[in-house]
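S.K.: predicted structure and sequence below. I'll ask about it afterward.
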Amino acid sequence: MPALTVGLLSDTHIPHRLKRLPEAALDALAGVDLILHAGDVDDPAALEPLRAIAPVHAVRGNLHIQDLSDGGAMLPAVVELELAGHHIVLTHGHRPGLLGFFLKGLDVMAQWMGLMDNGQFNQRTVRRLARLYPEAEIIIFGHSHRAHVERVGRALLINPGAVCAARGERPTVARMRLGVGRPEVEIIPLTETAD
């Protein structure tokens, strides 16, 4: 089975928080065979520069009242793929609906008060996604704006971080290599952002 290199990104928030994808993100994904965007696209036209690199699969993100954004609601909530012999689930990772919106508000308050950080948010999300998708070998998610790679049982869960970083977080994307053996993941810090 031939090796496959997959570009991973999330939380681009274009055009509400960034006007366009930064060149550093496009450069980091150059040469990949496929791109997976884990939500908060906001405007699906923002995917076009990625499609110039490789085929793209993208999922919707969550609602952002402050941006008047639906997170790309016209995109699917979840995409499941078979890539290089691996069952992959692509999701934003948020809890949908009013309960999810309420819980996100509580998380934001806890972060502002210093009771929780994005690392803890990732760990809680990883546990929930591993339970929701027990058949998945790889789960790609976003939402927290912090890169994270963790194995839970047989599943590898990857958050590539955010192209549009949140307060205190550095923008990142990731590359995943699939082939013989375990998947290899590289988190790539971005040196510049688009304004």
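M.R.: Cool, got the structure.
S.K.: can you name the next helix or strand after the worst-scoring helix or strand of the chain on mean pLDDT?
M.R.: Scoring the helices and strands of the chain by mean pLDDT, DSSP states H and E places helix 97-112 at the bottom, with a mean of 62. Remark: after helix 97-112, the chain's next helix or strand is helix 118-132, criterion DSSP states H and E.
S.K.: and that following helix, C-alpha only, in CSV?
M.R.: Only the C-alpha atoms of helix 118-132 are listed here, as CSV (Å, rounded to 0.1, in the frame of the first residue of the first chain):
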residue,chain,number,x,y,z
ASN,A,118,-6.9,24.6,26.2
GLY,A,119,-4.8,21.5,27.1
GLN,A,120,-7.4,20.4,29.6
PHE,A,121,-10.1,21.2,27.0
ASN,A,122,-8.3,18.9,24.5
GLN,A,123,-8.1,16.1,27.0
ARG,A,124,-11.8,16.2,27.8
THR,A,125,-12.6,16.4,24.1
VAL,A,126,-10.3,13.4,23.3
ARG,A,127,-12.1,11.2,25.8
ARG,A,128,-15.6,12.2,24.5
LEU,A,129,-14.6,11.6,20.8
ALA,A,130,-13.0,8.3,21.6
ARG,A,131,-16.3,7.2,23.2
LEU,A,132,-18.4,8.6,20.3
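S.K.: just the buried residues of it, please?
M.R.: When neighbours are counted by 16 or more other C-beta atoms under 10 Å, the buried residues of helix 118-132 are found to be 118, 121-122, 125-126, 129-130. In this view, the C-beta of every residue, glycine as well, is placed from N, C-alpha and C.
S.K.: can I get these in JSON lines with pLDDT?
M.R.: Output for these, formatted as JSON lines (pLDDT from 0 to 100):
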{"residue": "Asn118", "pLDDT": "62"}
{"residue": "Phe121", "pLDDT": "70"}
{"residue": "Asn122", "pLDDT": "81"}
{"residue": "Thr125", "pLDDT": "89"}
{"residue": "Val126", "pLDDT": "92"}
{"residue": "Leu129", "pLDDT": "95"}
{"residue": "Ala130", "pLDDT": "96"}
